[in-house]
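# Sequence isn't available, so here's the structure alone:
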Ligand SMILES: Cc1cc2nc3c(=O)[nH]c(=O)nc-3n(C[C@H](O)[C@H](O)[C@H](O)COP(=O)(O)OP(=O)(O)OC[C@H]3O[C@@H](n4cnc5c(N)ncnc54)[C@H](O)[C@@H]3O)c2cc1C
């Protein structure tokens with residue numbers, strides 16, 4: 001079966017083409033889409049691309065950061081202003097994958113390491129299509145991503161304070177295998193105690209998710225073994241990991257508190 005490729009200069013036109021055609025699939029870096037094409041996925045009849053320059057835009061101004069959805073992991077790594085995200089971008093696949101894998105595509109990955117960090121940064125997704133332009137909190141977007149008829153144009157978030165973003169990726173194939181799970185956290189402190197923690201985990205459900213029970217259990221606690229114990233005890237609450245080729249759901253539940261504990265006690269600082 002042949003596949004038609006349609007390329008548009010404006011993302012809005014690409015979004016319109018997608019919504020008007022069954023069997024159409026948007027292609028960004030293609031690390032996941034081209035794998036599906038090569039496996040002869042019968043649901044893909046048309047590939048829609050966009051060359052909109054806005055997709056490659058990186059804007060940093062007075063604490064606000066906007067990443068075009070087509071920004072690659074390699075482009076993130078080349079930008080000094082995004083140094084706090086370098087450990088996350090570096091964790092995505094091999095150098096060849098990072099050269100093309102985009103920030104927007106990562107929001108749709110079954111194992112979105114970058115999306116996990118964006119969740120902790122309380123990012124907002126800017127969307128184009130259907131009802132025009134609109135924005136949506138990333139957490140809300142991820143919960144309905146399969147049903148989204150719109151395209152992501154960019155992702156916006158506040159720059160975190162220096163050294164605030166912690167990230168760790170657990171893999172069985174070192175150094176850069178697919179993640180069994182990954183964890184990102186921001187742990188603001190006041191008078192030596194945690195206040196308003198944000199923790200996100202990847203690999204514990206079909207998409208990256210907030211670890212809300214652990215966040216609540218950390219409130220007003222100290223970051224030492226006794227202080228974090230209640231958070232570790234509830235770390236798997238609300239998660240729904242699956243058995244897959246990388247690890248069993250049981251194993252993921254077993255190791256989440258171990259790696260979360262290490263992260264909270266100081267590992268994974270950028
Ligand atoms: C060998 C290998 C290793 C990998 N390792 C990792 C890893 O360690 N960590 C990790 O997080 N991921 C990993 N991935 C998954 C993937 O490479 C990344 O998640 C990447 O960021 C996906 O981006 P892409 O641009 O290649 O997406 P594409 O393949 O182009 O698209 C993926 C999906 O996202 C949709 N999409 C893309 N952009 C948009 C947009 N702007 N708006 C709406 N929908 C959009 C596409 O329609 C498609 O459904 C790996 C993949 C491979 C093949």
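All right, it came through fine. Note that this is a predicted model, so its numbers are computed, not measured.
# Check which helix or strand the closest residue to the ligand within the chain maps to.
Relative to the ligand, the nearest point of the chain is residue 105 (2.1 Å; C-beta to the nearest ligand atom). Placement of C-beta: from N, CA and C, glycine included. Secondary-structure assignment from DSSP states H and E places residue 105 in helix 103-106.
# Check residue 160 too.
Short version, using DSSP H and E: residue 160 is in no helix or strand.
# Let me see the contact set for residue 112.
Neighbour list for residue 112: 106, 202, 207, 208 [criterion: C-beta atoms under 8 Å, 6 or more residues apart in numbering].
# go with 10 Å
Counting by C-beta atoms under 10 Å, 6 or more residues apart in numbering, residue 112 touches 92, 103, 105-106, 118-119, 142, 145, 179, 182, 202-203, 207-208.
# tell me the pLDDT at it?
Residue 112 is assigned a pLDDT of 94 by the prediction.
# Do you know the pLDDT at the closest residue in space to residue 232 that isn't next to it in sequence?
Once flanking residues are discounted, residue 232 sits nearest to residue 257: 4.2 Å by C-beta to C-beta, 6 or more residues apart in numbering. Note on residue 257: pLDDT of 98.
# Can you report phi and psi for residue 257?
Main-chain torsions, residue 257, degrees, to the nearest 10: phi -60, psi -30.
# got it, and the one 3 residues further on?
Residue 260 adopts backbone torsions of phi -60, psi -40, taken as degrees, to the nearest 10.
# can you count the residues close to it?
23 (other C-beta atoms under 10 Å).
# show me what contacts it?
168, 181, 183, 185, 199, 201, 211, 214, 228, 231-232, 235-236.
# Narrow those to those in helices?
Taking DSSP state H, the ones among these that sit in helices are 214, 228, 231, 232.
# Now do the helices in the chain.
Ranges of helices in the chain, per DSSP H, are 11-19, 33-38, 73-77, 86-90, 95-100, 103-106, 113-120, 138-143, 212-218, 225-233, 249-264.
# and the first one, average pLDDT?
Pointing back at helix 11-19 there. Mean predicted confidence for helix 11-19 is 94.
# what do you get for the third one?
Within the predicted structure, the mean pLDDT of helix 73-77 is 98.
# That helix and the ligand, any residue contact?
No - with C-beta under 6 Å from any ligand atom as the criterion, the ligand is not reached by helix 73-77; the gap is at least 6.7 Å.
# Could you dump the ones in helices among the contacts of residue 260 into TSV and include pLDDT and neighbour count?
As requested, the ones in helices among the contacts of residue 260 are exported to TSV (pLDDT from 0 to 100; neighbours: other C-beta atoms under 10 Å):
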residue	pLDDT	neighbour count
214	98	27
228	98	24
231	98	25
232	98	18
